[in-house]
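K.L.:
just need the structure, nothing else, for what follows:
(one chain, ligands or ions: 2)
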Amino acid sequence: MLERLRRIVQQVAGARSLGQALELIVEEVRAALGTDVCSIYLAERDTGRLVLMATRGLAPQAVGRVALGPGEGLVGLVAARAEPVNLEDAPSHPHFKYIAETGEAPFHAFLGVPVIHQRRVRGVLVVQQRERRRFDEDHVTFLVTLAAQLAGVIAHAEAVGGLELGNGEGAPAAPEPAAPPRRRVLDGLPGAPGVALGTAVVVYPPAELDAVPDRPAADVAAEEAAFREAVAAVTEEFRRLQARLGPQLKAEDRALFDAYILMLSGDSLVTDTVARIRAGSWAPGALRETIEEHARVFDAMDDPYLRERAADVRDLGRRILAQLQAARRESRDWPERTVLVGEQITAADLGEVPAGRLAAIVSAHGSRSSHVAILARALGIPAVMGVAELPIQRLEGREVVVDGYRGRLHVQPTGQVREEFLRLAREEEELRAGLSELAAQPSVTPDGEHVPLLANTGLLADITPSLTSGAEGIGLYRTEIPFLMRERFPGEEEQRRIYRQVLEAFAPRPVTLRTLDVGGDKNLAYFPVHEANPFLGWRGIRITLDHPEIFLTQLRAMLRASAGLGNLQILLPMVSGVEEVDDAVLLIRRAREELAEEGEAVPEPRVGVMVEVPSAVYMARRLAARVDFLSIGTNDLIQYLLAVDRNNERVAELYEPFHPAVLAAVQAAVDGGHAAGRPVSVCGEMAGDPAAALLLLGMGVDSLSMSASSLPRVKWVVRSFTRAEARALLEEARALEHPHEVRERVEAALEARGLGGLVRAGK
Ligand code: PEP
Ligand code: MG
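P.N.:
Numbering: from 1, shown residues only. Ligands and ions are numbered 1, 2, ... in the order given. Now for the predicted structure:
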């Protein structure tokens, strides 16, 4: 049964349209369970009506016509209860509704299970049998397991299908039982504020066939030529490999190369792909289709040896794709207003877009706290994250409106949506213009207390906004960004030059360079780390202490960059105990001594520890006593305290800066730092949220560091509330138990001070 289940899920996931997916499901389930009938009903998004979308065993003409209201009939009952209904004799059940059109009179046994995705019933999967009997436990668990696995696939296919142009572009026509509802608005999570109108450019990981989007061929002859060249290059690659490895290989392994070469010369792989290109698809899309079609044939075979061949076909496809992509990379055209769309956008993807053309980011995975969303905020462009049903393959070249406030994507927006977008953009521009006057004003509370506001950065390109935003220094420079954007570890001199630019630009104001913080969701392609739980694994200072050669190179580069300036602060990430600080401080001292021995005397840097692991909260006083300052990284602190992966859109709702436990932890860290006589800063995203910043002021935080685009808003807050007022508000917030109550209370305080614009803009 498990094998059957796996095969069905795999086949359905490979379907190119909703119709094809549903047809496959009913066909395969009926065969697997040996029932007379299998049908699937899908819920209409707006009305909740359950529409019969595919069937085997009921009258085919009922498909697309028969629909049941919520709670109506047995199918409606399954949806309303959101649990299976298993009946020996359906017609005698009070909920049974006879619908002549389906021809279901002769069926007695009924088993219906709900298809649930993200807490919402998306449909009902039903099997029926002529005889009177209850379906046994195995049938029920099979169907429940299958429905749970298929729910996401169906939801995704629904979104894809809803955006299909209906002109048969791309895939060969699949049976479409009924037009699915057209969906032009896709919901995700707010990643970075702002709205933008632009053209979608799909980014996909190299050599990943499944991720290749559909795209029409701009020039059929050129696409065919490119494909044939790629095939020739792969054939050549195999010949070379065979010649090189031949003597060491056993005869049967050598034969594998022959089989590959044979597949590439004259096999239907090539002719089918060329046919698809000639029908109008670009080469990578045509290749993806052909490879999937061929691999599926092997997937469906019962013989395990032949089934394995599917992997060979896919491997071949990946190699051809890699060749095609390599040839295409240099000649890419970027629209004026590029909206990057992808399963998982990386910092390196952002770096590929020419300066000034990146308008927004839309990602199927991730959340507000993902690093790419943080980068978007640093760049001042909107981002929508975690769009679970993003029909990536159909978005290339479409006009889209990205609403980073609400976390929404509008595909091919109507005139009305465009109007609304333009109004929002105007309002935002007005707010920005009003706030920009604040840049020159000091960050001082009404009772005269100075609360320095600093900028977070890490991209060379965004030093200018940080400078012009009125930042009093850099509170967090994420040095990993230059590491992520290269193909090898940057050398000491290369790093020195990068750090020098920032240190010089801000001198004499302080610049806080954080030591390399990779791992978690930041992987270096040239230093891969594969772990089951990367956020709990080898990350940040754990890596650099294990690799003193990498750490010392970076520390030497930082120290040398500060020569003659004296404004360097070094910040240590992911610290969980005192030994790490002691070891790091020793290495900093050693790097400085080495430089002195080499005749390069550099000023002593101030050193700080990030508080972003719960253990560091409890150790705050002891950690602070060893260094010059603490900086609270709320992004990770929230993730570890609430056990919510900051990158996982499924649990994004639980990621709550206003959670009472988060407020208590931040307060404890502030108090610990102060008990050791050291200043405490906050450099996580909480510092840039006007409402959260107000509470941080109340906690006694000494300075705040945030993306340059958030800085004017937070300055407005600082200039509007005294410390005592912020403390009083914090006291009130402490009495509340629910995060949403805390947020509402603080937002009400902002509104009452006439700062409602900040609240609305931050949403
Ligand atoms: C943090 O964790 O709050 C932080 C500032 O670091 P990063 O977001 O780079 O992990
Ligand atoms: Mg962090």
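K.L.:
switch to C-alpha atoms for all contacts and neighbour counts from now on
P.N.:
OK.
K.L.:
now residue 191: which helix or strand?
P.N.:
Per DSSP states H and E: residue 191 is located in strand 189-192.
K.L.:
within its sheet, name the partner strands of that strand and how each one runs.
P.N.:
Take DSSP bridges as the rule and strand 189-192 pairs in its sheet with strand 383-385 (antiparallel).
K.L.:
next structured bit after the strand it pairs with?
P.N.:
Next element after strand 383-385 (DSSP H and E): strand 399-403.
K.L.:
what pairs with whichever residue of the stretch 451-600 of the chain sits closest to ligand 1 across the strands?
P.N.:
Closest residue of the stretch 451-600 of the chain to ligand 1, Cα to the nearest ligand atom: residue 478 (6.4 Å). The partner list for residue 478 in beta bridges (DSSP bridges) reads residue 514.
K.L.:
how about the CA coordinates for the strand or helix carrying residue 409, as CSV?
P.N.:
Per DSSP H and E, residue 409 falls inside strand 408-411. Extracted in CSV, the C-alpha atoms of strand 408-411 (Å, rounded to 0.1, in the frame of the first residue of the first chain):
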residue,chain,number,x,y,z
ARG,A,408,-0.2,39.9,-1.6
LEU,A,409,0.6,39.4,-5.2
HIS,A,410,-1.8,40.5,-7.9
VAL,A,411,-1.2,38.8,-11.3
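K.L.:
what's the following helix or strand after the strand holding residue 191?
P.N.:
Per DSSP H and E, the first helix or strand lying C-terminal to strand 189-192 is strand 195-202.
K.L.:
same for the helix or strand that that following strand is followed by, what does it pack against?
P.N.:
For strand 195-202, the succeeding helix or strand toward the C-terminus, using DSSP H and E, is helix 220-245. Using 3 or more Cα pairs under 8 Å, 6 or more residues apart in numbering; DSSP states H and E, the elements in contact with helix 220-245 are helix 251-264, helix 268-278, helix 283-299, helix 304-329.
K.L.:
low-confidence ranges in this protein?
P.N.:
16, 156-183, 244-250, 252-254, 256, 266-267, 329-331, 459-463, 757-763 (pLDDT under 70).
K.L.:
residue of it nearest ligand 1, please.
P.N.:
Nearest residue of the chain to ligand 1 (Cα to the nearest ligand atom) works out as residue 633 at 2.9 Å.
K.L.:
that residue against residue 612, yeah?
P.N.:
Yes. Judged on Cα atoms under 8 Å, residue 633 makes contact with residue 612 at a distance of 4.8 Å.
K.L.:
the residue of the chain closest to ligand 1: how many residues sit nearby?
P.N.:
24 (other Cα atoms under 10 Å).
K.L.:
tell me the domain ranges of this structure?
P.N.:
The chain breaks down into these domains under automatic domain parsing: 2-161, 185-206+333-430, 209-327, 441-761.
K.L.:
quickly list what residue 85 is bridged to.
P.N.:
Residues in a beta bridge with residue 85, per DSSP bridges, are residue 112.
K.L.:
before we move on, what about residue 609?
P.N.:
Assessed by DSSP bridges, residue 609 has beta-bridge partners residue 572, residue 630.
K.L.:
burial measure for it, as a count.
P.N.:
27.
K.L.:
measure it to residue 5 for me?
P.N.:
To residue 5, residue 609 is 50 Å away according to Cα to Cα, to the nearest Å.
K.L.:
next one: residue 90
P.N.:
To residue 5, residue 90 is 26 Å away according to Cα to Cα.
K.L.:
looking at those two, which is more packed in?
P.N.:
Counted by other Cα under 10 Å, residue 90 and residue 5 do not tie: residue 90 has more neighbours, with 21 against 18.
K.L.:
contacts for the helix or strand harbouring residue 426, please.
P.N.:
Using DSSP H and E, residue 426 sits within helix 415-436. Defining contact as Cα atoms under 8 Å, 6 or more residues apart in numbering, one finds that helix 415-436 is touched by 194-197, 401, 410, 469, 712-713, 716, 757, 761.
K.L.:
buried members of those residues into ChimeraX, please.
P.N.:
The ChimeraX selection below is limited to those of the contacts of helix 415-436 classed as buried (16 or more other Cα atoms under 10 Å):
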select :194,195,196,197,401,410,469,712,713,716
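K.L.:
okay, the contacts of helix 415-436 in TSV with distance to residue 358 next?
P.N.:
Converted to TSV, the contacts of helix 415-436 look like this (distance: Cα to Cα, whole Å):
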residue	distance to residue 358
194	13
195	13
196	10
197	11
401	13
410	18
469	21
712	23
713	24
716	28
757	26
761	21
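K.L.:
show me which pair in the contacts of helix 415-436 is furthest apart.
P.N.:
410 and 716 (32.1 Å; Cα to Cα).
K.L.:
re the thing from before, can you tell me which of the helices and strands packed on helix 220-245 is most buried?
P.N.:
Looking across the helices and strands packed on helix 220-245 with neighbours counted as mean count of other Cα atoms under 10 Å, the highest average goes to helix 283-299: a mean of 22.
K.L.:
tell me the spatial nearest neighbour of residue 582, not counting adjacent residues.
P.N.:
residue 626 (7.7 Å; Cα to Cα, 6 or more residues apart in numbering).
K.L.:
any idea how many residues pack against that neighbour?
P.N.:
Neighbours of residue 626 (other Cα under 10 Å): 17.
K.L.:
what do you get for residue 2?
P.N.:
Counted with other Cα under 10 Å, residues neighbouring residue 2 total 10.
K.L.:
surely residue 412 meets residue 185?
P.N.:
No. When contacts are counted by Cα under 8 Å, residue 412 is not listed as touching residue 185 (9.2 Å).
K.L.:
was I right to think residue 723 contacts residue 697?
P.N.:
Yes. Counting by Cα under 8 Å, residue 723 touches residue 697, with 6.3 Å between them.
K.L.:
endpoints of stretch 519-538, how far apart?
P.N.:
Termini of stretch 519-538 sit 6 Å apart (Cα to Cα).
K.L.:
touching ligand 1 at all, that stretch?
P.N.:
No. Applying Cα under 6 Å from any ligand atom, one finds stretch 519-538 separated from ligand 1 by no less than 8.8 Å.
K.L.:
ok, and what's touching that stretch?
P.N.:
Under Cα under 8 Å, 6+ apart, the answer for stretch 519-538 is 370-371, 483-484, 487-489, 518, 539-540, 645, 647.
K.L.:
pull out the buried residues from the residues you listed.
P.N.:
Using 16+ other Cα under 10 Å as the burial test, the contacts of stretch 519-538 include 370-371, 483-484, 489, 518, 539-540, 645, 647 as buried.
K.L.:
dump these to JSON lines, plus distance to residue 55 and secondary structure.
P.N.:
Formatted as JSON lines, the buried ones among the contacts of stretch 519-538 follow (distance: Cα to Cα, whole Å; DSSP: H, G, I helix; E, B strand; the rest coil):
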{"residue": "370", "distance to residue 55": "42", "secondary structure": "coil"}
{"residue": "371", "distance to residue 55": "45", "secondary structure": "helix"}
{"residue": "483", "distance to residue 55": "54", "secondary structure": "helix"}
{"residue": "484", "distance to residue 55": "50", "secondary structure": "helix"}
{"residue": "489", "distance to residue 55": "57", "secondary structure": "coil"}
{"residue": "518", "distance to residue 55": "50", "secondary structure": "coil"}
{"residue": "539", "distance to residue 55": "51", "secondary structure": "coil"}
{"residue": "540", "distance to residue 55": "54", "secondary structure": "coil"}
{"residue": "645", "distance to residue 55": "40", "secondary structure": "coil"}
{"residue": "647", "distance to residue 55": "39", "secondary structure": "coil"}
